Structures are given as C-alpha cells and as structure tokens.
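Visitor: Let me see the structure of the following:
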Amino acid sequence: MTRPALALLLATLATLVPAAQAADYVQAPGSTLTFATKYQGEVFTGRFPAFTTRLSFDPARLQGARLDVVIPLAGAATGNDERDSTLKDADFFNVAKFPQARFVATRFRALGGNRYAADGQLTLRGVSRPVTLGFTWTPGAAPVLTGRATVKRLDFGVGAGDWADTSLIPNEVAVSTKVVFRPVAAVGR
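Guide: Predicted structure coming up:
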C-alpha cells in the first residue's frame, strides 16, 4: 500500500471511531440524599427519598463532566410529622410554589486520589446560588459517588420570618449523598 493510500485509510478509519467521551450514568437503587442541621441546639436529620441523578463523568476528562440532580421537596422526611409539614410550608421550601430543587454542576476539579469537587448552581425556592459538592468516586460496574456539601439556607430564603434566627436554626445545613450509578447503556437490561 502506498503512503498516500495508507494515510487516506487511517484518516477514514479515524472518522469512524467516535471521540472519547465521558461515560453517562443514571442513578440506581441504593442511593441516598440526606441533610442535617439543628433546632434549638438539637441535631436532626432528614432525607429526600425521591431524588434523581444523571452524571456524565470520566476522571481523565473532567472538562466534559456534568452532574444534574433533581430533588422533589414535598418528600422531605425527618421522622417528625410536624417538622415535615413545616418544611413544606411557605416559610421553608414552599412546595406549593417551588416543588423541586435542582443542582447542576459543569465544572469539576481533581483533588487527589479519587476525590473531586463539582462546582455548580443549586436552585431552591427560585433562587440560584453557587454550591460545591466535594465527593469521592469509586469506579466499577456500579460506580458510587459519595459526597458532601454545605448549603446556606438563608441565601435561598429557607426559614423566613422568625425562622431566620440562626440561634434557632443555623444558617449552614450539611447535605450528604451516596449515589450508586449504572451506565446509561445498562438501563433497560
């Protein structure tokens, strides 16, 4: 084969091979999204059982990564019926007007080892603010993202009126997640 023919063949083959892209994942069973704060000095925790997560991620190509989490707020559960009802009201999540929160991250940074940071925007009660999710990535057939973020509730208007008093409820709320993933190609198998 002549050099020009070989070059043409290699160029043709290169167009047939798709460029390397980040792997696409969807949330699998076994995933959790929780929060923790205090009320009058007493720690309480809650969870959002119905959240959904989509991830495009390749540790070797962070520039193409994207994380998208949708959180239905009406499902917030703390194990206390009165508190759960209060969280749904206008002073807190106002689920009648803002039924869901959403976190979208498109900037990822490697922190060493399997640790990363996802810088994104959290939209809650119609307000968008930057939030960083620090996480570890455990690769495998069912990869796992284990992360933590701090959300300043007053930045989003969560806890209005008397509830804005940070001696009752601190401004900072710890959010933790463990998301088990499966590749998009595996969905429906």
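Visitor: any idea how far residue 111 is from the most centrally placed residue in the chain?
Guide: Centroid-nearest residue in the chain: residue 69, 4.5 Å away (criterion: CA atoms, centre = their mean). Taking CB to CB, to the nearest Å as the measure, residue 69 falls 20 Å from residue 111. Heads up, the C-betas are built off the backbone N, CA and C, glycines and all.
Visitor: do residue 37 as well
Guide: 25 Å.
Visitor: any idea where the strands of this protein begin and end?
Guide: Assigned by DSSP state E, the strands in the chain fall at 23-27, 32-39, 42-47, 52-57, 66-72, 100-112, 115-124, 127-138, 144-152, 172-183.
Visitor: quick one: which of those strands is nearest residue 158?
Guide: Taking CB to CB, strand 115-124 is the member of those nearest to residue 158, at 6.8 Å.
Visitor: and stretch 109-127, C-alpha only, in CSV?
Guide: Taking C-alpha atoms only, stretch 109-127 is exported to CSV below (Å, rounded to 0.1, in the frame of the first residue of the first chain):
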residue,chain,number,x,y,z
ARG,A,109,-11.8,19.6,39.8
ALA,A,110,-9.5,16.7,40.8
LEU,A,111,-8.4,16.9,44.5
GLY,A,112,-6.1,13.9,44.5
GLY,A,113,-6.8,10.2,44.8
ASN,A,114,-10.4,9.5,44.0
ARG,A,115,-11.5,12.9,45.4
TYR,A,116,-13.2,15.6,43.3
ALA,A,117,-15.1,18.8,43.6
ALA,A,118,-18.2,19.6,41.5
ASP,A,119,-18.8,23.3,41.3
GLY,A,120,-22.4,24.1,40.3
GLN,A,121,-25.6,26.0,40.9
LEU,A,122,-28.3,25.0,43.3
THR,A,123,-31.7,26.4,42.5
LEU,A,124,-34.0,26.3,45.5
ARG,A,125,-37.2,28.4,46.0
GLY,A,126,-36.5,30.1,42.7
VAL,A,127,-33.0,31.3,43.8
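Visitor: i'd like the first residue to be 50 from this point on
Guide: That works, and once the first residue is 50, the last one we named lands at stretch 158-176.
Visitor: So for that stretch, mean pLDDT?
Guide: Stretch 158-176 shows a mean pLDDT of 97.
Visitor: tally of neighbours for the residue nearest to residue 103 when sequence neighbours are not counted?
Guide: Nearest non-adjacent residue to residue 103, counting by CB to CB, 6 or more residues apart in numbering: residue 117, 4.7 Å away. When neighbours are defined as other CB atoms under 10 Å, residue 117 has 15 of them.
Visitor: Against residue 151, how distant is residue 117?
Guide: 7 Å.
Visitor: And residue 136, what's its pLDDT?
Guide: Reported pLDDT at residue 136 in the predicted model: 96.
Visitor: Now do the contacts for the nearest residue in space to residue 156 that is not next to it in sequence.
Guide: Leaving aside its chain neighbours, residue 156 sits nearest to residue 168 (4.2 Å; criterion: CB to CB, 6+ apart). Taking CB atoms under 8 Å, 6 or more residues apart in numbering as the criterion, residue 168 is in contact with 154, 156, 157, 158, 179, 181.
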